[in-house]
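[1] Here's a sequence, model it:
(one chain, ligands or ions: 1)
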Amino acid sequence: MSETSKMDRNLALEAVRVTEAAALSASRLMGRGDEKAADQAAVDAMREEGATALSAMRGPCIRACCYEFSDDDLDAVAGLFGPGVRAQSRRDLAALDLPAAVSAALAAEGIREEPGIEVCTACGEGYFSHRARRDAGRQALLVWREPETG
Ligand SMILES: [Zn+2]
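    Next up is the predicted model:
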């Protein structure tokens, strides 16, 4: 195995270790009605494992066009992530702007956001949507660690 391959393998293993720590920390809190705490636990775990410059890219997700929310539920999310999460669906009903919520959460943590994939999984073609159709399939999540420069 070449030195480059060993370094790539070590980086990959390190990324898996950090990601696993984040997932385990977040999993203890998910589904308890406090997703913000789960996100915080994931970020804290990554930082405790040595991650310094975190960045993220939003993957495909359901978007406001298809994600209608009750006023009460929307108020709750807006209370966590700000008024920017309020949107209108294509039927002109109250809707959650999920990408805006994710962006607000990333900004609150000081995590740099890379350009995301701007597609709605509910009305876009070729994506799974549990929320819209109860699809069993899921999009994949990729996490990687880039070598430090300088
Ligand atoms: Zn849509």
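
[2] Near residue 147, how many other residues are there?
    By other Cβ atoms under 10 Å, the residues close to residue 147 number 7. Glycine gets a C-beta too; all of them are placed from N, C-alpha and C.

[3] before we move on, what about residue 108?
    Residue 108, neighbours per other Cβ under 10 Å, totals 15.

[4] got the contact list for it?
    By Cβ atoms under 8 Å, 6 or more residues apart in numbering, the contact list for residue 108 is empty.

[5] Now it. Its backbone dihedrals?
    phi -60, psi -30 (degrees, to the nearest 10).

[6] gap between it and the ion?
    Per Cβ to the ion, to the nearest Å, residue 108 is found 26 Å from the ion.

[7] quick one: pLDDT of that residue?
    Here the pLDDT value assigned to residue 108 is 85.

[8] likewise residue 76?
    The predicted local confidence for residue 76 is 89.

[9] What strand or helix carries it?
    Applying DSSP states H and E as the criterion places residue 76 in helix 71-81.

[10] For that helix, which outside residues touch it?
    36, 69, 85, 86, 94, 95, 96, 100, 101, 104, 105.

[11] Could I get the contacting residues of residue 131?
    62, 66, 67, 122.

[12] list the buried ones in the one helix or strand it maps to?
    Per DSSP H and E: residue 131 is located in helix 130-133. For helix 130-133, burial by neighbour count (16 or more other Cβ atoms under 10 Å) applies to no residue.

[13] just checking, residue 135 touches residue 126?
    No. In this structure residue 135 lies outside contact range of residue 126 using Cβ atoms under 8 Å: 11.6 Å.

[14] okay, and the common contacts of those two?
    With the criterion set as Cβ under 8 Å, 6+ apart, the contacts of residue 135 and residue 126 do not overlap.

[15] those strands in this protein, which residues are they?
    55-57, 86-88, 94-96, 112-114 (DSSP state E).

[16] residues making contact with the first one?
    Here strand 55-57 makes contact (Cβ under 8 Å, 6+ apart) with 106, 111, 112, 113, 114, 115, 116, 117.
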